[in-house]
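Undergrad: got a predicted model here, sequence first, then my questions.
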Amino acid sequence: MKIYTVCKKHIISTGHRIYGHPGKCANLHGHSYEFHFYITAPVLDNLGMVVDFSYIKQTLCAWLDSNYDHRMLIWEQDPIAQELLAIDKSVVLVPYNPSAENMANYLLTVVAPQLITNPQVKVEKVMVGEGPTSIATCQMKE
Ligand SMILES: [Zn+2]
């Protein structure tokens, strides 16, 4: 059996902090985040594609642009979350401590299933790079 995979990369700038981190990751700071969406299909469509790259751009990449780009991600259980939101409405409260790993998991298991409705294709893996050198991956496993 074979499987085809395409990968779409998208880069945005986002702030965060890791609540409870013993070092400088507990500070409010930001990254140029690099997202890689890996999408698979067992067969190609009639154009010879897993899925048109523009479909990924219009769904997952557009979601990132609307929801996370140039925003500050703060865990909703972070004790300063409500204070930050009161100061600046661009703060985004997220249901996870915003590590790259948790971000990848959320995109793979919550966001992608809502946006990718084509039953022929599957988002198999999400990689989140905090810059080009520090990369976390969350992947579906059988
Ligand atoms: Zn960071």
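TA: Looks like it came in fine.
Undergrad: quick one, phi/psi of residue 14?
TA: Main-chain dihedrals, residue 14, degrees, to the nearest 10: phi -140, psi 150.
Undergrad: spatially central residue for the protein, please.
TA: By C-alpha atoms, centre = their mean, the chain has its centre lying nearest to residue 107, at 4.5 Å.
Undergrad: now that one: closest residue in space, sequence neighbours ignored.
TA: Spatially, and ignoring its direct neighbours in sequence, residue 107 is nearest to residue 126 (4.7 Å; C-beta to C-beta, 6 or more residues apart in numbering). In short, each C-beta sits where N, CA and C put it, glycine included.
Undergrad: same question for residue 99.
TA: residue 18 (5.8 Å).
Undergrad: what residues are up against the residue nearest to residue 132 when sequence neighbours are not counted?
TA: Distances taken as C-beta to C-beta, 6+ apart put residue 34 closest to residue 132, at 6.5 Å, once the chain neighbours are dropped. Counting by C-beta atoms under 8 Å, 6 or more residues apart in numbering, residue 34 touches 9, 10, 11, 127, 128, 129, 131, 132, 135.
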